[in-house]
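Peer 1: For reference, the sequence and a predicted model appear below.
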Protein chains: 2
Amino acid sequence: MADVKSTINPLFLREEELRQCIELLFFAYRDFTAGPDQILKDYGFGRAHHRVIHFVGGNPGITVSELLDILRITKQSLSRVLNALVERGFVEQKPGATDRRQRLLYLTEEGKLLEHKISRVQQEQVAAAFRQAGGDAVAGYRKVLEGLISEEDREQAITRIMGR
Amino acid sequence: MADVKSTINPLFLREEELRQCIELLFFAYRDFTAGPDQILKDYGFGRAHHRVIHFVGGNPGITVSELLDILRITKQSLSRVLNALVERGFVEQKPGATDRRQRLLYLTEEGKLLEHKISRVQQEQVAAAFRQAGGDAVAGYRKVLEGLISEEDREQAITRIMGR
DNA sequence: AAAATTAAGTCAACATGGCTGACGTAAAAT
DNA sequence: ATTTTACGTCAGCCATGTTGACTTAATTTT
């Protein structure tokens, strides 16, 4: 069937393939976030808290404005989430050494525990997919996702991800 | 640097790699949804409306319960969005031929226009990433994303995506 | 034919996490 | 001394998810 169509109209298969790949991303992302969401529920936290925990965990001492730049949300949105995390003792703020206006963000011990708990689940899920797909597939996955990041963001995002 | 660490502790690179791939998915998904969001804003619609338009467009005559099963939201959440689309003439409902309780969903001509407009942008974005990454990378991308879908959902999702 | 189940819808209330706008404070840069 | 920057707060709005309770019409089961 697809064979016939692609012989008659080579663009059909391509468009259908693109459609499939788009839906694949939708379903994968949905299941990719399900594990963390489940754990976070026990703490009364949501996905927004997870993002903060994740990026503070991976970038100890990150400033508020750097975090805002990664998350691309308003400081009012961030503050709600960040204040909850600070009040409940998962994140702590220290004034910057050279610039004392800054509040450098760190995970507390409790925060690190939660971060590990969540990322272990997520890493296991991704690791299982990688094992099953093989190393070449992983390389392809990375290439495609990098290309999916918009040009304006790409350099910034990639160096942030890779450069640590 | 990574060389040293991976020589000393081979698990480090693996964990760091997983972390990178997780962030890659976060950033890619963010930019992947940005284009459609932009267009939808002009119509006063959001991402929720897009999902309905997308899946009704790809599955003409889909029932409400099938759609609920794909989107994994409550019927109350769906109804808000679906009613808006029907009222504004982007989706129409027809009673099922064999089971008249069902309301089969179709895009109107206007709905198809919007669907095309959005998916053209998204498909171009994905196509650009594919072109740049190459065919092998695309195969890898698909394999990994399939593996990322949870086992319970996998067969259902995959056959739904591929089987058309 | 009567009873039970199913598909779909509705009303109401609430939570999460985005947003805008306006304004405040302390530290740093000019 | 003035302006800019980093960060914060208050207040209110919007989109989209949730739960729970209940209705209607059509189909299926008994």
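Peer 2: Okay, I see it. The model shown is predicted, which means the values in this text are computed figures rather than measured ones.
Peer 1: For chain A, just list every one of the helices.
Peer 2: In chain A, the helices defined using DSSP state H lie at A:2-8, A:10-43, A:47-58, A:64-71, A:75-87, A:109-133, A:135-148, A:151-162.
Peer 1: what about stretch A:57-68, average pLDDT?
Peer 2: Taken as a whole, stretch A:57-68 carries a mean pLDDT of 97.
Peer 1: Using CSV, list the CA coordinates for stretch A:133-150.
Peer 2: C-alpha atoms of stretch A:133-150 as CSV (Å, rounded to 0.1, in the frame of the first residue of the first chain):
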residue,chain,number,x,y,z
ALA,A,133,17.8,0.7,20.2
GLY,A,134,21.6,0.4,20.1
GLY,A,135,24.5,2.9,20.0
ASP,A,136,24.0,4.0,16.4
ALA,A,137,20.4,4.7,17.1
VAL,A,138,21.4,6.8,20.1
ALA,A,139,23.7,8.9,17.9
GLY,A,140,20.8,9.4,15.4
TYR,A,141,18.5,10.4,18.2
ARG,A,142,20.9,13.0,19.4
LYS,A,143,21.5,14.4,15.9
VAL,A,144,17.8,14.7,15.1
LEU,A,145,16.9,16.3,18.5
GLU,A,146,19.7,18.8,18.1
GLY,A,147,18.4,19.7,14.7
LEU,A,148,14.9,20.1,16.2
ILE,A,149,16.1,22.8,18.5
SER,A,150,15.5,26.2,16.8
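Peer 1: got the contact list for it?
Peer 2: A:130, A:154, A:157-158, B:20-21, B:24-25, B:27-28, B:31-32, B:34, B:125-126, B:128-130, B:132-134, B:136-141, B:143-147 (Cβ atoms under 8 Å, 6 or more residues apart in numbering or on different chains). The way it works is simple: take the backbone N, C-alpha and C, and place the C-beta from them, glycine included.
Peer 1: can you check stretch A:32-45 too?
Peer 2: A:46-47, A:49-50, A:84-85, A:114, A:117-118, A:121-122, A:125-126, B:25, B:148, B:150.
Peer 1: related to what we said a few turns ago, just the buried ones among the contacts of stretch A:133-150, please.
Peer 2: Buried members of those, counted by 16 or more other Cβ atoms under 10 Å in any protein chain shown: A:130, A:157-158, B:20-21, B:24-25, B:27-28, B:31-32, B:125-126, B:129-130, B:133, B:137-141, B:143-147.
Peer 1: Tell me which residues touch the residue minimising distance to the centre of chain A, please.
Peer 2: Chain A has A:Arg51 as the residue nearest its centroid, 6.8 Å off, counting by Cα atoms, centre = their mean. Neighbouring residues of A:Arg51 by Cβ under 8 Å, 6+ apart: A:Leu71, B:Phe26.
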